[in-house]
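Q: Turn this into a model:
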Amino acid sequence: QVQLVESGGGLVQAGGSLRLSCAAFGDTESINAFGWYRQVPGKQRELVAGMSRIGATHYEDSVKGRFNISTDNAANTVYMLMNSLKPEDTAVYYCTAARLLNTVLFGTPNYWGQGTQVTVSS
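A: Model (predicted):
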């Protein structure tokens, strides 16, 4: 089992930046990929970005060029730096982890974090 602990959400003005962090604990040797999803009330959870431990990345089109996902493999931590934030980025952001990057990208990762709220004011 793996536990994911997120931090870094909060309130920021449009155009600002936030960095989300997610630390994995437990059977971390089974994890080869991480990702971030987000969800707003009344809508489906959507993929924001995913990354394998060896560096392969994927971004949702609306965040390309603004968000950057990275990992500290030694610390079993994934980060997401969010720049040029827009009000439409407001959501609960969830960290995910999986054995395979594909399962992150297709919405079936092995593990989910508890979520952290990001609110962008206009």
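
Q: quick one: pLDDT of the closest residue to residue 114 other than its chain neighbours?
A: Spatially, and ignoring its direct neighbours in sequence, residue 114 is nearest to residue 6 (6.5 Å; Cβ to Cβ, 6 or more residues apart in numbering). Just so you know, the C-beta spots here come from the backbone N, C-alpha and C atoms, and that holds for glycine as well. pLDDT recorded at residue 6 is 95.

Q: ok, residue 26 - how many residues close by?
A: Applying the criterion other Cβ atoms under 10 Å, we find 14 residues in the vicinity of residue 26.

Q: was I right about the residue nearest to residue 114 contacting residue 93?
A: Yes: using Cβ atoms under 8 Å, residue 6 makes contact with residue 93 at a distance of 7.4 Å.

Q: any shared contact partners between those two?
A: 20, 115, 116 (Cβ atoms under 8 Å, 6 or more residues apart in numbering).

Q: Mind checking which of these are buried?
A: 20, 115, 116 (16 or more other Cβ atoms under 10 Å).

Q: who are the neighbours in contact with the first one?
A: For residue 20, the contacting residues are 6, 7, 8, 9, 36, 79, 80, 82, 93, 95, 116, 118, by Cβ under 8 Å, 6+ apart.

Q: In TSV, list the buried ones among the shared contacts of residue 6 and residue 93 along with secondary structure.
A: Formatted as TSV, these follow (DSSP: H, G, I helix; E, B strand; the rest coil):
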residue	secondary structure
20	strand
115	coil
116	strand
